[in-house]
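[1] Here is the input, now give the coordinates:
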Amino acid sequence: MIEQYSFGNIVINGVSYRNDVKIIQEKVVPEWWRKRGHFVDVDDIQDILKSKPDILVLGKGSPGQMKSTEALRKFLKNNGIELIEEKTSNAFKTFNRLFNKGKNVSAGFHLSC
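    The predicted structure is shown next:
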């Protein structure tokens with residue numbers, strides 16, 4: 001599904017995206033913005049949560065500056081959703097591996113810092 005990632009760019013199904021994206025049940029949601037920039041909170045991923053994934057992969061950017069909030073981690077744990085946070089260069093590979101295994105996985109990818 002995700003063909004490549006480089007700083008500021010991700011290619012998904014042949015389409016290049018230059019802003020942060022979410023993937024929800026095989027659908028790409030472009031132009032993902034968070035209320036607090038480098039922090040991901042529950043409100044920032046309501047559309048993902050409505051899809052009821054078993055796993056959420058967060059690509060934290062090239063150096064890994066984007067982070068989930070404590071409130072989000074607690075919410076995911078309480079709802080039985082596994083959280084995987086990695087630098088985007090690794091996170092897209094993790095997402096592809098899980099997706100190809102047929103796992104119910106959604107993702108959010110920060111493409112730059």
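[2] What's the separation between the residue located most distally from the centre of the chain and Lys52?
    Distance from the C-alpha centroid of the chain, by CA atoms, centre = their mean, peaks at Asn78 (19.1 Å). For Asn78, the distance to Lys52 equals 14 Å [CB to CB, to the nearest Å]. The way it works is simple: take the backbone N, C-alpha and C, and place the C-beta from them, glycine included.
[3] one step back: just read off the phi/psi values of the residue farthest from the centre of the chain.
    phi -70, psi -20 (degrees, to the nearest 10).
[4] what are the ranges of the helices in this structure?
    46-50, 70-78, 88-100 (DSSP state H).
[5] got CSV for those helices, with mean pLDDT and distance to Glu26 too?
    Output for the helices of the chain, formatted as CSV (pLDDT from 0 to 100; distance: least, CB to CB, whole Å):
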stretch, mean pLDDT, distance to Glu26
helix 46-50, 98, 13
helix 70-78, 98, 21
helix 88-100, 98, 8
